[in-house]
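Trainee: would you be able to build a 3D model of this:
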Amino acid sequence: METGQKATIGVLALQGAFQDHIKSFQRLGYGPSLRLAQANLDEVDALVIPGGESTAMRIIAGEEMMSALKAFVHEKRKPVWGTCAGCILLSDSVCRLEPEEASGATKLVEKQSNDGYGDFIGGVGVKTCRNFFGRQADSFEAPLRAEGRLQRVAPDMTAVCIRAPAILEVLSPETEVLAFVDLPDRDVTVTAAVAQGPLLLTIFHPELTADTRLHRFFVSEFVLPSLAAAEAAALQAIKRESLPNAAVAREAPQEPRAR
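Mentor: Got it, this is the predicted structure:
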């Protein structure tokens, strides 16, 4: 996707609804590029990790690609937006709910997620619970209660939740809560969107609606500021490199002029 500042956004096409993300960006007049290999991550300024199944995505990606994604997030610190499974992959702590027999009744208990398929990417200080609301049949739509800067641009969005995770706990003071989902019939409120630095997480699928405000929000609030900061840093580096040469030129003895 070419922006006014020549930014390129990659949509990770491992599994899940990556085509729907592409269509959402195209509605805004952008044409995002699919990025499938580790080498291609060097060509993008930002990345979208779409929904799908987080375990399947890690298996398909393999160790090499997962290492490249971790470097993209933790070393290059470029903007990344994770939706649903992408939200899980970018969470610092991931748990799951399992049935447990207690006093003759079955209840769900929280357990640390460890499926044997390697580490998650991490980067955002939250605890996220996989499949918090149940199976595919338990998928739902609900009004999104936006907060802060998201409330200013998208106060009335609908959250499409498909086998959705839930952000149960904020672990870092650097994490900004952007939205909640209230479910009165289930007597539960969960955090539905957060941001930390250049990273944006949503438990829901905005790409499955005609509403492109969250895609525009990602570009305007994360991608373009990151690109502007990178360009400013590059200019400062050029100035620093040129200063010693300019100082040497000023201090060099001048040849006497011929009379």
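
Trainee: pull the helix or strand with minimum mean pLDDT from this structure.
Mentor: Lowest by mean pLDDT, DSSP states H and E among the helices and strands of the chain is strand 105-112, with a mean of 50.

Trainee: partner residues bridging the most centrally placed residue in the chain?
Mentor: Geometric centre of the chain, nearest residue: Trp81, 2.2 Å, by CA atoms, centre = their mean. The residues listed as beta-bridge partners of Trp81 by DSSP bridges are Val48, Leu200.

Trainee: number the chain from 54, please
Mentor: Sounds good: first residue 54 from here, last item Trp134.

Trainee: that one reaches Gly104, doesn't it?
Mentor: No. At 11.3 Å, Trp134 does not count as touching Gly104 under the criterion of CB atoms under 8 Å. Using the backbone N, CA and C atoms, a C-beta is placed for each residue, glycine as well.

Trainee: in three-state terms, label Val179 for me.
Mentor: The assignment at Val179 comes out as strand when based on DSSP: H, G, I helix; E, B strand; the rest coil.

Trainee: list the contacts of it.
Mentor: Counting by CB atoms under 8 Å, 6 or more residues apart in numbering, Val179 touches 144-146, 220-225, 228, 244, 247, 254.

Trainee: ok, Lys180 next?
Mentor: Contacts of Lys180 (CB under 8 Å, 6+ apart): Ser144, Asp145, Ser146, Val147, Cys148, Ile220, Leu221, Glu222, Leu224.

Trainee: same check on Pro103?
Mentor: Residues in contact with Pro103 (CB under 8 Å, 6+ apart) are Val64, Leu65, Gly69, Ala70, Phe71, Asp73, His74, Thr136, Cys137, Ala138, Gly139, Glu260.

Trainee: the first one and Gly171: what is the separation?
Mentor: With the distance defined as CB to CB, to the nearest Å, Val64 ends up 22 Å from Gly171.

Trainee: of the two, who's got more company?
Mentor: Neighbour count, other CB atoms under 10 Å: between Val64 and Gly171, Val64 has more, with 26 against 13.
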